[in-house]
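A.B. asks: missing the sequence, but the structure's below:
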């Protein structure tokens, strides 16, 4: 990975895009710091780099503010023992990918972010399709969030008594017990 230059500005004042500033503020509040940085061109997603449990964002290279939500979702659904070690490329875990999609939708609903920003038309998994899936009550990835104790679902595979998706009991996954 190339050199990274971090800024020291407050997150909510560091980004010129209103959508990005709002996303960064909410993610930082729930425990996923988003910091402005000057990044090279060697990152998996233009303008975004995962550094342990935070996101570095180069707004000049970022294509879509919603991509920041999805990368944050990957951080959130990883076990903390993995999350603390990830720098750059993510481990490919299909279940975590589905859970990250559901988590992204929950964040959009909770913080009233436009779904067209979070699941934009160029989104790799099909932004328009994902918007339709979740708006029609689909639960892609929700059973895993439920199993990990992050929310409840109509499938009731996890901890009883949790708020039902898209409401979240917690935004960050815990390590499994034992």
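C.D. replies: Great, that's in hand. Here the structure is a predicted model, which means the values were calculated and not measured.

A.B. asks: Quick one: mean pLDDT over stretch 115-126.
C.D. replies: Average pLDDT, stretch 115-126: 92.

A.B. asks: residues in contact with that stretch?
C.D. replies: For stretch 115-126, the external contacting residues (C-beta atoms under 8 Å, 6 or more residues apart in numbering) are 19, 23, 63-67, 69-70, 101, 104-105, 107-108, 127-128, 130-131, 134-135. The way it works is simple: take the backbone N, C-alpha and C, and place the C-beta from them, glycine included.

A.B. asks: rerun that using 6 Å as the cut-off
C.D. replies: For stretch 115-126, contacts defined as C-beta atoms under 6 Å, 6 or more residues apart in numbering pick out 19, 64, 65, 66, 69, 104, 108, 127, 130, 131.

A.B. asks: Need these in TSV (columns: distance to residue 93, secondary structure and neighbour count).
C.D. replies: Output for these, formatted as TSV (distance: C-beta to C-beta, whole Å; DSSP: H, G, I helix; E, B strand; the rest coil; neighbours: other C-beta atoms under 10 Å):
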residue	distance to residue 93	secondary structure	neighbour count
19	28	helix	17
64	23	coil	22
65	24	coil	23
66	21	helix	25
69	18	helix	26
104	16	helix	27
108	22	helix	23
127	22	helix	19
130	18	helix	21
131	24	helix	20
